[in-house]
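Participant: coordinates only, no sequence provided:
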């Protein structure tokens, strides 16, 4: 009989990247993490022996706990979370089973250092259109759900990054930027180990919309039109970002689940009298 407090890798894979994904908590021992310093997408490291201190930050959410093999550490932490009123499950087989299955993992070394609240902080140019909405969506859904994004005038991006420990992106001469014909979203998908088929498909659409190559994918023109429309609907960049995240949620689900589906007006003939 299957446990009611565990979740399979297949089910978790379907949740990752969606708005309903639970908080993923990696409680592997330091030596286990050091031997493979990667994270399941959107997971955050937490010390198992301090669960009483950080559990409150998960109030109002559900959680999935991940240890090396899905044994005592994750089951103990999940039980503590449930005691605090937070629905929590354990990933069956832990990180080891996930990695053996060849599922996507994010290298910790590629992430910016976190602030005192455990958030990654990013900075880019104000008035975003395509890449500067697509990249935050990718980060929020697959890297750090609590990530902070600072939008500033172009001339101040680097200085703000230095003063506020924020990682610059989508500007010239930084790591997270265009490379050749690829846009910043392409680069993030590759560098962060997120090259699944749906995200590669989405990356092609984003690249087409962001680099005026609407021939790359039929959906690129629609994404560009929606992105330009949002930029005119919102004067506040953060409000535009929240609206844009919903847009990319829809494009991602199409890329993952609906590429073969069509919609045609039915040609229903009138019944004979």
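Facilitator: Received the coordinates, thanks. Not measured: the values here are computed from a predicted model. Residues are numbered from 1 along each chain as shown.
Participant: which residues in this protein form strands?
Facilitator: Along the chain, the segments classed as strands by DSSP state E run 6-7, 23-26, 38-39, 43-45, 63-66, 88-91, 106-107, 121-125, 148-152, 167-168.
Participant: from these, which stretch is densest packed?
Facilitator: Mean neighbours per residue, mean count of other Cβ atoms under 10 Å, is largest over those for strand 63-66, with a mean of 26. For every residue, glycine as well, the C-beta is placed using N, CA and C.
Participant: quick one: average pLDDT of it?
Facilitator: Mean pLDDT, strand 63-66: 98.
Participant: still on that earlier bit, can you redo the strands of the chain as JSON lines with distance to residue 98?
Facilitator: Formatted as JSON lines, the strands of the chain follow (distance: least, Cβ to Cβ, whole Å):
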{"stretch": "strand 6-7", "distance to residue 98": "11"}
{"stretch": "strand 23-26", "distance to residue 98": "11"}
{"stretch": "strand 38-39", "distance to residue 98": "10"}
{"stretch": "strand 43-45", "distance to residue 98": "10"}
{"stretch": "strand 63-66", "distance to residue 98": "8"}
{"stretch": "strand 88-91", "distance to residue 98": "7"}
{"stretch": "strand 106-107", "distance to residue 98": "12"}
{"stretch": "strand 121-125", "distance to residue 98": "26"}
{"stretch": "strand 148-152", "distance to residue 98": "27"}
{"stretch": "strand 167-168", "distance to residue 98": "26"}
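Participant: would you tell me which of those gets closest to residue 212?
Facilitator: The closest of those to residue 212 is strand 121-125. By Cβ to Cβ, the value is 17.7 Å.
Participant: domain-wise, how is the chain divided?
Facilitator: Following automatic domain parsing, the chain resolves into domains at 6-106, 111-258.
Participant: first-to-last residue distance for the longest one?
Facilitator: Same thing as domain 111-258. By Cα to Cα, to the nearest Å, the extent of domain 111-258 from end to end equals 31 Å.
Participant: with distance to residue 264 added, can I get the domains of the chain in a markdown table?
Facilitator: Shown next, in a markdown table, are those (distance: least, Cβ to Cβ, whole Å):
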| stretch | distance to residue 264 |
| --- | --- |
| domain 6-106 | 28 |
| domain 111-258 | 15 |
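Participant: list just the one of the strands of the chain that sits closest to residue 199.
Facilitator: Here strand 106-107 is closest among the strands of the chain (Cβ to Cβ), at 12.3 Å.
Participant: quick one: contacts of that closest one?
Facilitator: With contacts defined as Cβ atoms under 8 Å, 6 or more residues apart in numbering, strand 106-107 is touched by 37-41, 43, 142-143, 192-194.
Participant: just the closest of the residues you listed to residue 152, please.
Facilitator: residue 143 (21.1 Å).
Participant: now the closest one: how far from residue 175?
Facilitator: 15 Å (Cβ to Cβ, to the nearest Å).
Participant: check residue 263 too.
Facilitator: Distance from residue 263 to residue 175, by Cβ to Cβ: 41 Å.
Participant: same check on residue 134?
Facilitator: Using Cβ to Cβ, one gets 17 Å for the distance from residue 134 to residue 175.
Participant: please apply the same query to residue 131.
Facilitator: In terms of Cβ to Cβ, residue 131 sits 14 Å off from residue 175.
Participant: the two: who's more crowded?
Facilitator: residue 131 (27 against 12; other Cβ atoms under 10 Å).
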